[in-house]
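Enquirer: here's a sequence, model it:
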Amino acid sequence: MKKIYLDNASTTFPKPSEVADSVYRYMTDIGSNINRGCYDSAYQVEEIVYETRQLLCELFNGPDCKNTVFTKNVTESLNIILKGFLKPGDHILVSSMEHNAVMRPLVQLEKQGCSFTRVPCSITGELQIDAMEKCLKKETKAVVMTHASNVCGTLMPIAQVGEFCCKHNLKFFVDSAQTGGIWPIDMEAMHIDALAFTGHKGLLGPQGIGGFILKPDMVSLIEPLLSGGTGSISHQEEIPDFMPDRFEPGTMNLPGIIGLHAGLLWLKKTGINTVAEHELMLTKSFIDGLLPLEERGLIKILGKKNIKGRTGVVSIQTLNKDISEAAFELDDTYGIMTRVGLHCAPSAHQTLGTYPIGTIRFSFGWWNKPEDVEHALKALEEVCHGI
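Expert: This is a model prediction of the structure:
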């Protein structure tokens, strides 16, 4: 049976062949660390790491490549930003559509004397930006927000939110997990002070690599979450105060960075607009095919029912069959790989009215084709009818 991968919001698959090839070459032909070895192969790797910082800074229009920091993933990045910036008594605004990568650190910080307010979103996941003003408190220091929902694909108006933050002298932190490498992000134009990214989704790298980019004035405002050896100023036991060493202790995930480097080069050659157009073309075909099933009472579509202001993520509920059973059957009988459940975003599901049941999530990527959409729609109809 042919397998069709429709879980790209979890991690993109397959990756460009250049990604696997570059990781393999590093593991078999080089293998050395950076900032430790004083020999040619270590310097070669250091050059690739530096170029990867430059590519990320270019992609997101960041302020300076040295302010691009590598972590394991976007979750670690958000933890460093939020826990390093917020102090007891501080207040922060957050959308009601957030992933637990944002919400769990905030709930932890709440127990330490910080507070947060959820800015409401509509039943289709759209931010009610007019409500932000009344959510402000004198203690409000920042806004943190996903760029797009991992549940229903709805985009947040981060350019407008950035302007709101400028107006009210607030810092603005963005979780780009669902949009980095697919949707244009401009840190300067959108007034983003800290951008958290992950490497294994739209940036097409391997799992286990992510990071964040800081505006210069943020560097001293965030207390490092981790400390240790950096290979620099080794005669001191204090954390370096310069970038990127301030936030990069320990041995780096060099295979991950090298794979990410290859993914970023592929994206630069292909163009993120080309990727987005392809994914949205497939999404439109899928939604158009779902609408008759919804009219017949077989499914319910969550979020927007068009491609305006959304990504290639579509969530549904099957109305005459348990969603977990339906998702299992889609894979077991038809080879359609999806994600089912709450997708680590209970706040978003409460907003969409799908908590605690959750949804079946279909998410399209560059390597999906129109025939994949046709097969998924046919399979879903048969699953709903119990054929």
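Enquirer: can I assume residue 161 is in contact with residue 171?
Expert: No. Contact between residue 161 and residue 171 fails when scored by C-beta atoms under 8 Å: they sit 11.7 Å apart. Using the backbone N, CA and C atoms, a C-beta is placed for each residue, glycine as well.
Enquirer: what packs against the helix or strand that contains residue 211?
Expert: Using DSSP states H and E, the element containing residue 211 is strand 210-214. Here strand 210-214 touches helix 40-60, strand 68-71, helix 74-85, strand 194-198, going by 3 or more C-beta pairs under 8 Å, 6 or more residues apart in numbering; DSSP states H and E.
Enquirer: just the strands in the stretch 201-350 of the chain please.
Expert: 210-214, 299-302, 313-318, 336-337, 339-341 (DSSP state E, counting those that start in this stretch).
Enquirer: looking at these, which is buried most?
Expert: strand 210-214 (a mean of 28; mean count of other C-beta atoms under 10 Å).
Enquirer: ranges for the helices of the stretch 1-150 of the chain?
Expert: Per DSSP state H, counting those that start in this stretch, the stretch 1-150 of the chain carries helices over the ranges 17-25, 40-60, 74-85, 100-110, 132-135.
Enquirer: how does the protein divide into domains?
Expert: Split into domains by automatic domain parsing, the chain comes to 4-13+272-385, 17-270.
Enquirer: would you format the ones you listed as JSON lines with mean pLDDT included?
Expert: Compiled in JSON lines, those are given as follows (pLDDT from 0 to 100):
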{"stretch": "domain 4-13+272-385", "mean pLDDT": "97"}
{"stretch": "domain 17-270", "mean pLDDT": "95"}
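Enquirer: pick the most buried one from the helices and strands packed on strand 210-214.
Expert: Highest mean neighbour count among the helices and strands packed on strand 210-214 (mean count of other C-beta under 10 Å): strand 194-198, a mean of 29.
Enquirer: what segments of the stretch 251-387 of the chain are helices?
Expert: Remark: helices assigned in the stretch 251-387 of the chain by DSSP H, counting those that start in this stretch are 254-270, 272-295, 323-334, 346-352, 370-385.
Enquirer: related to what we said a few turns ago, which residues do residue 161 and residue 171 both contact?
Expert: Here residue 161 and residue 171 share the contacting residues residue 143, scored by C-beta atoms under 8 Å, 6 or more residues apart in numbering.
Enquirer: looking at those two, which is more packed in?
Expert: residue 161 (25 against 22; other C-beta atoms under 10 Å).
Enquirer: secondary structure element holding that one?
Expert: Using DSSP H and E, residue 161 maps to helix 158-167.
Enquirer: may I see the buried residues of that helix?
Expert: If you call a residue buried by 16 or more other C-beta atoms under 10 Å, then helix 158-167 has these buried ones: 158, 161-162, 164-165.
Enquirer: for whatever helix or strand comes next after that helix, name the packing helices and strands.
Expert: Downstream of helix 158-167, the first helix or strand assigned by DSSP H and E is strand 171-175. Judged by 3+ C-beta pairs under 8 Å, 6+ apart, strand 171-175 is in contact with helix 74-85, strand 140-146, helix 158-167, strand 194-198.
Enquirer: so which of the ones you listed is nearest residue 95?
Expert: strand 140-146 (5.0 Å; C-beta to C-beta).
Enquirer: who does the closest one pair up with?
Expert: Under the criterion DSSP bridges, strand 140-146 sits next to strand 91-95 (parallel), strand 171-175 (parallel) in its sheet.
Enquirer: select, out of the strands of the stretch 201-350 of the chain, the one closest to residue 84.
Expert: Closest among the strands of the stretch 201-350 of the chain, using C-beta to C-beta: strand 210-214, at 10.4 Å.
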